[in-house]
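**Student:** quick one: sequence plus predicted model below, questions after.
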Amino acid sequence: MGSARRILIDCTIILGVGVVLALIGPFGSFAAPFGLRLLYWLAMSYAGYFLYFPAMRAASIFAPRLDLPEWSLWAAACVLASVPMSVVVWAANLIWHPGRWLPLEQWIAHYFNVALLAGLVCTLFWFTRQRRLARIAPVPEPEAPTSEPGLPRLAERLPPHLRAAPIALEMEDHYVRVHTRHGSTLLLMRMRDAVAELDGMPGALVHRSWWVAREAVTGTRRDGRNVRLLLTGGIEAPVARAQAPGLEAAGWF
């Protein structure tokens with residue numbers, strides 16, 4: 001339901017973008033009648049959405065896995081998705097110039113025009129997404145204090161049925177997913193604040209988006225230079241390459 005609502009909001013934004021572009025008439029389209037301009041820019045806007053949306057979604061998913069800033073993968077996705085979008089725009093431009101094939105230098109200029117406009121729209125969606133994440137309600141106060149002795153303060157934020165010593169913390173956008181032996185849940189907080197509330201529990205930040213409890217490690221899995229820690233409960237945590245030598249020296253694997 002949430003995904004459908006987001007797509008509906010996105011399509012409404014795209015509608016507004018298409019109307020604005022029809023009113024402005026960039027790239028020589030202003031000479032056409034307004035009705036034709038509106039049809040053209042709405043078609044291009046929605047075609048662009050269904051090309052760029054999967055690329056941006058993939059960027060958001062792979063950014064934490066690759067230990068890269070999300071915005072950098074959004075930019076790379078925009079650059080790549082602009083290639084097929086340039087072909088779509090060229091085909092649509094046959095309305096204005098039937099049978100016209102562009103020489104190489106004009107193809108390059110055409111691509112940069114498409115990428116520039118796409119970059120502006122993707123930036124709009126980036127900030128819209130950040131505002132949506134920032135408006136999420138804060139975590140409520142815990143219903144009751146933990147009844148098990150020796151648990152860190154972070155455990156008090158968990159629902160009663162999940163309260164136990166954390167096995168791992170996993171960053172997901174503006175959330176931290178807390179894994180325990182009973183399951184996992186999301187808390188709206190920063191990773192560094194969550195780690196501070198572990199009260200010195202033995203463990204380490206093995207990756208930019210993962211903290212792992214030392215006693216939860218049951219083994220490792222290697223794929224070339226990549227190392228993943230195998231944890232209690234079937235959880236796997238990636239190890240950043242910069243962290244691997246120190247963890248190996250400390251006897252983690």
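**Tutor:** That came through, no problem.

**Student:** could you use CA atoms for every contact and neighbour count after this?
**Tutor:** OK.

**Student:** quick one: contacts for the residue nearest the centre of the chain?
**Tutor:** Centroid check for the chain by CA atoms, centre = their mean gives residue 60 as the closest residue, at 2.0 Å. Residues in contact with residue 60 (CA atoms under 8 Å, 6 or more residues apart in numbering) are 70, 73-74.

**Student:** mind running it again at 6 Å?
**Tutor:** Contact partners of residue 60, counting by CA atoms under 6 Å, 6 or more residues apart in numbering, are residue 70.

**Student:** and what about it, helix, strand or coil?
**Tutor:** helix (DSSP: H, G, I helix; E, B strand; the rest coil).

**Student:** likewise the one 5 residues further on?
**Tutor:** In the three-state summary, residue 65 is assigned as helix, counting by three-state DSSP.

**Student:** and the residue lying closest to residue 164 once chain neighbours are set aside, how far is that from residue 76?
**Tutor:** Once flanking residues are discounted, residue 164 sits nearest to residue 180: 6.0 Å by CA to CA, 6 or more residues apart in numbering. Residue 180 sits at a distance of 36 Å from residue 76 (criterion: CA to CA, to the nearest Å).

**Student:** who has more neighbours out of the two?
**Tutor:** residue 180 (21 against 13; other CA atoms under 10 Å).

**Student:** ok, the more buried one - contacts?
**Tutor:** Contact analysis of residue 180 by CA under 6 Å, 6+ apart lists 164, 166-167.

**Student:** next one: it from residue 155, what distance?
**Tutor:** Applying CA to CA to residue 180 and residue 155 gives a distance of 9 Å.

**Student:** was I right to think residue 175 contacts residue 185?
**Tutor:** No - with contact defined as CA atoms under 6 Å, residue 175 does not count as touching residue 185 (9.7 Å).

**Student:** quick one: the contacts of residue 180 as JSON lines, columns for pLDDT, secondary structure and neighbour count too.
**Tutor:** Converted to JSON lines, these look like this (pLDDT from 0 to 100; DSSP: H, G, I helix; E, B strand; the rest coil; neighbours: other CA atoms under 10 Å):
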{"residue": "164", "pLDDT": "92", "secondary structure": "coil", "neighbour count": "23"}
{"residue": "166", "pLDDT": "95", "secondary structure": "coil", "neighbour count": "24"}
{"residue": "167", "pLDDT": "95", "secondary structure": "coil", "neighbour count": "24"}
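
**Student:** cool, thanks, signing off.
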